[in-house]
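Engineer: Make a model of this:
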Amino acid sequence: MSDMIPTAVASAESSELQAVDLSTRYLGLTLKSPLVCSASPMMEDIDNLRRMEDAGAAAVVLHSLFEEQITLESHDLDHHLFHSNESFAEAVSYFPEMSDFGLGPERYLAHIQQAKAAIDIPVVASLNCISGGSWLEWATRMEAAGADALELNAYFLATDATVSGAAVEERYLQLIRDVKTRVSIPVSMKLSPFFSSIPHIAKQLAEAGADGLVLFNRFYQPDFDLNALEVTPSLTLSTPDALLLRLHWVAILYGHVGADLAVTGGVHTADGVLKSMMAGAKVAMMTSALLRHGIGHLRDVESALRAWMVEREYGSIELMQGSMSHRSVAEPAAFERANYMKVLRAGAMAWRS
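Structural biologist: This next block holds a predicted model:
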């Protein structure tokens with residue numbers, strides 16, 4: 001009889017953990033949890049997608065199809081590069097070989113179809129783009145291939161001093177307008193943190209039709225090779241410290257924009273997921289943690305997430321979403337200023353001691 005007590009207790013604890021409701025709504029989709037695998041080269045392998053689903057992923061965002069890949073296939077980019085070769089040869093070396101990007105446009109569509117056939121969780125296609133043009137038809141083709149939603153990854157940094165901040169914002173706004181006229185599936189926009197007023201562009205994008213905003217795109221900064229005297233690409237995995245910037249802006253935007261919010265970058269543990277939810281995100285996306293610890297790390301995150309919620313008596317993810325956002329602060333700007341001063345004051349006191 002006594003041997004049965006630990007078993008009964010363990011069974012009760014297991015039932016309590018499973019009773020926690022992790023479901024969330026993102027882009028109009030009901031997800032079993034906020035754990036989403038973000039775009040990365042891992043997504044090119046169907047077996048990886050199956051393993052992600054088995055490990056607990058609620059949705060996957062496929063690796064990006066680049067605007068340049070599409071225009072190259074239609075010979076547009078090839079034409080421009082050929083002519084630039086005679087006028088400014090150095091510029092040609094800036095473009096990577098498009099074959100380095102894995103799946104071409106047609107194969108990308110087939111990959112969407114294969115992914116939908118292989119897994120039961122939502123599949124989000126990703127377009128990496130910076131301008132309008134004929135390539136936009138591929139958004140329609142991605143929908144036809146079965147994508148449940150589309151993520152626009154508009155990686156663009158203004159380097160021309162004649163381009164205004166307003167012009168940069170308009171580029172993003174026109175992209176979302178153009179795509180939304182072509183598809184009926186939900187569309188999210190992945191943003192960079194380099195806007196002079198993030199709340200303004202976020203509100204504008206939501207009004208232009210964005211169903212979701214993904215914060216933030218990572219800024220991949222090249223390095224200088226002092227031996228070869230060349231500019232070299234630099235890629236490092238994110239760390240949990242990167243999460244702070246995302247939490248900050250999601251907490252500010254929550255309740256003030258008509259679009260779902262997603263955190264990507266710096267989510268490595270259950271703590272990162274919990275903080276993202278409390279800031280106001282609908283989902284927490286991760287890649288670096290899976291590259292570092294393996295796809296099975298998703299199970300550990302979900303397990304720790306459930307245990308924390310049981311211990312703190314949270315019955316569902318929905319109960320905590322936005323609970324620590326700036327929505328409950330009467331004067332967010334004053335709060336920001338006060339927090340800034342407190343941090344500096346704390347740093348000064350620590351230095352003096």
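
Engineer: Name the nearest residue to Ala147, ignoring sequence neighbours.
Structural biologist: Ala125 (3.9 Å; C-beta to C-beta, 6 or more residues apart in numbering). (C-beta placed from N, C-alpha, C; glycine too.)

Engineer: Could you list the paired strands of the host helix or strand of that neighbour along with their orientation?
Structural biologist: In this assignment (DSSP states H and E), Ala125 forms part of strand 123-128. When pairs are called by DSSP bridges, strand 123-128 turns out to pair with strand 59-66 (parallel), strand 149-153 (parallel).

Engineer: Could you export those as JSON lines, including mean neighbour count, mean pLDDT and distance to Met320?
Structural biologist: Shown next, in JSON lines, are the strands paired with strand 123-128 (neighbours: other C-beta atoms under 10 Å; pLDDT from 0 to 100; distance: least, C-beta to C-beta, whole Å):
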{"stretch": "strand 59-66", "mean neighbour count": "24", "mean pLDDT": "94", "distance to Met320": "20"}
{"stretch": "strand 149-153", "mean neighbour count": "24", "mean pLDDT": "96", "distance to Met320": "24"}
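
Engineer: name the helices or strands packed onto the next helix-or-strand element following the strand holding Ala125?
Structural biologist: With elements assigned by DSSP H and E, the helix or strand that comes after strand 123-128 is helix 137-145. If you count contacts as 3 or more C-beta pairs under 8 Å, 6 or more residues apart in numbering; DSSP states H and E, helix 137-145 packs onto helix 105-118, strand 123-128, strand 149-153.

Engineer: got the angle between helix 137-145 and strand 149-153?
Structural biologist: When axes from the mean of the first three to the mean of the last three C-alpha atoms, to 10 degrees is applied, the directions of helix 137-145 and strand 149-153 differ by 150 degrees.

Engineer: Report the central residue of the chain.
Structural biologist: By C-alpha atoms, centre = their mean, the chain has its centre lying nearest to Thr264, at 4.0 Å.

Engineer: I figured it was touching Val214, is that so?
Structural biologist: Yes: between Thr264 and Val214 there is a contact at 5.5 Å, judged by C-beta atoms under 8 Å.

Engineer: Find residues that contact each of the two.
Structural biologist: Shared contacts of Thr264 and Val214, defined by C-beta atoms under 8 Å, 6 or more residues apart in numbering, comprise 190, 285.

Engineer: give me phi/psi at Glu313?
Structural biologist: Glu313 has phi and psi values of phi 60, psi 40 when expressed as degrees, to the nearest 10.

Engineer: Quickly note the distance from it to Asp21.
Structural biologist: To Asp21, Glu313 is 13 Å away according to C-beta to C-beta, to the nearest Å.

Engineer: ok, these two, which is more surrounded?
Structural biologist: Per other C-beta atoms under 10 Å, whichever of Glu313 and Asp21 has more neighbours is Asp21, with 14 against 7.

Engineer: Perfect, that will be all.
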